[in-house]
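Enquirer: Okay, sequence plus prediction incoming.
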Amino acid sequence: MLQVHHLNNSRSQRILWLLEELKAPYEIIHYNRDSETNLAPEKLKDIHMLGKSPVINDNGKVIIESAAISTYIIDQYAPADFSPSKDDGDYYEYQQLMHYAEGSAMLPMLLLLYSSSLGKNAEPLMNRIFSEINLHIGYLSECLGENDFFFRNKFSGLDTMISFVLEAAKISDSLKSFPNLINALDNYQSRSAYKKALEKGGEYILGS
Ligand SMILES: N[C@@H](CCC(=O)N[C@@H](CS)C(=O)NCC(=O)O)C(=O)O
């Protein structure tokens, strides 16, 4: 059975949510962040040398990176109409956002997280960090428009991927000028599969 090596308070929550939406069979192997360093425990490196979560193991096939994991799960367990096939004219547009979530949108939020430990010394970075967050969140707002979901206004893997970006942005109050994203996040968090994933995954401070 597919195993999700799941770290509390992490991006791995989006993988549990996707699996719940698809009603796919899976098992969770739980890991907890170190209470002082907030890092993943060393034993996560037994699964993959990076020691990051999410990481899945499906009958010996180990896959890292949320977007690759999501694509694998969708290919294995989702109905054909859940995501665009390669010959669909919007295939690459879908792929673009799938990878954009981690490849670009998360970067300024990570910079904000890391630089916060510098206290006042981080001040010269703040304008640039917040203008980048605003740029990326503005782009996502533009992509969503008046829809509820990111791809053809139908729930897809883009929503599970982008949800974490929105949750991270909410922490720094960066969603406040984008009511469509606030609504989308509220809708995500009220889905029964999302709630079930939360129950199974354990502590997830970004989910409230
Ligand atoms: N881009 C990767 C990021 C993986 C990642 O950095 N995960 C974090 C949790 S959100 C982690 O495992 N952090 C623990 C650590 O670095 O010790 C993905 O989307 O899967």
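Expert: The structure has been received and is ready for your questions.
Enquirer: Helix or strand next in line after the longest helix along the chain, which one?
Expert: Counting by DSSP state H, the longest helix found in the chain is helix 123-144. Per DSSP states H and E, the first helix or strand lying C-terminal to helix 123-144 is helix 157-171.
Enquirer: Check what contacts whichever helix or strand comes after that next one and list those residues.
Expert: Scanning forward in sequence from helix 157-171 by DSSP H and E, the next helix or strand is helix 179-189. Helix 179-189 has contacts (CB atoms under 8 Å, 6 or more residues apart in numbering) with 137, 140-141, 144-146, 148-149, 159, 163, 166-167, 169-170, 175-176, 194-195, 207. From N, CA and C alone the C-beta is placed, and that goes for glycine too.
Enquirer: which other helices and strands contact the next helix or strand after helix 179-189?
Expert: Toward the C-terminus, helix 179-189 is succeeded by helix 192-201 as the next helix or strand (DSSP H and E). Judged by 3 or more CB pairs under 8 Å, 6 or more residues apart in numbering; DSSP states H and E, the packing partners of helix 192-201 are helix 12-22.
Enquirer: who touches Pro108 in this structure?
Expert: 129-130, 132-133, 136.
Enquirer: tell me which parts of this protein are close to the ligand?
Expert: Selection of the chain residues close to the ligand by CB under 6 Å from any ligand atom yields 7, 10-11, 39-40, 51-54, 65-66, 102.
Enquirer: mind giving me the domain split of this structure?
Expert: 2-82+193-207, 91-191 (automatic domain parsing).
Enquirer: and the last one, how far apart are its ends?
Expert: Right, the one you point to is domain 91-191. For domain 91-191, the first and last residues are 26 Å from each other (CA to CA, to the nearest Å).
Enquirer: neighbours of the nearest residue to Leu144 once chain neighbours are set aside, just the number please.
Expert: Of all residues not flanking Leu144 in the chain, Asn180 sits nearest, at 5.3 Å (CB to CB, 6 or more residues apart in numbering). Other residues lying near Asn180 total 17 when counted by other CB atoms under 10 Å.
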